[in-house]
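Colleague: Take a look and give me a structure for this.
(one chain, ligands or ions: 1)
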Amino acid sequence: MHAFWFVTLAFGVVASIIAFGKGRNSLGWFVAGTFIGPFALIVAFLPPIEREGMFARCPSCREVIRADAGTCRYCHTALIPA
Ligand SMILES: [Zn+2]
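Modeller: Next up is the predicted model:
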């Protein structure tokens, strides 16, 4: 059982180091690496195409839009950037 925890924590540490190197939330990636192990590592190695907080849902029509959009591209509701 000790080996399991060692491997689990090792994934967390490696994921957080990768995340830190890319300027991401290293604590969040440590948690992700600890809980989903190899999958977090694969995701952490991927280039940041869709960064966190880049997209949001329109409060009016619920379509996915850019977080910094001033107007919803689907329903044209005026939005206040978060
Ligand atoms: Zn909308």
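
Colleague: quick one: the helices in the chain?
Modeller: Across the chain, reading from the start of the chain, the helices by DSSP state H fall at 2-21, 26-36, 38-45.

Colleague: winner for burial among these?
Modeller: Of all the helices of the chain, helix 26-36 carries the top mean neighbour count, a mean of 18, counting by mean count of other CB atoms under 10 Å. In short, each C-beta sits where N, CA and C put it, glycine included.

Colleague: Next, format the helices of the chain as JSON lines and append distance to residue 77.
Modeller: What follows is these, written out as JSON lines (distance: least, CB to CB, whole Å):
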{"stretch": "helix 2-21", "distance to residue 77": "35"}
{"stretch": "helix 26-36", "distance to residue 77": "31"}
{"stretch": "helix 38-45", "distance to residue 77": "32"}
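
Colleague: By mean pLDDT, show me the worst of those helices.
Modeller: In terms of mean pLDDT, the lowest-scoring of the helices of the chain is helix 38-45 (a mean of 69).

Colleague: before we move on, the earlier item: columns distance to the ion on top of the helices of the chain, output as JSON lines?
Modeller: Putting those into JSON lines (distance: least, CB to the ion, whole Å) gives the following:
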{"stretch": "helix 2-21", "distance to the ion": "32"}
{"stretch": "helix 26-36", "distance to the ion": "29"}
{"stretch": "helix 38-45", "distance to the ion": "29"}
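
Colleague: Residue 64 is nearest to which of those?
Modeller: With distances scored as CB to CB, the stretch of the helices of the chain nearest to residue 64 is helix 38-45 (19.3 Å).
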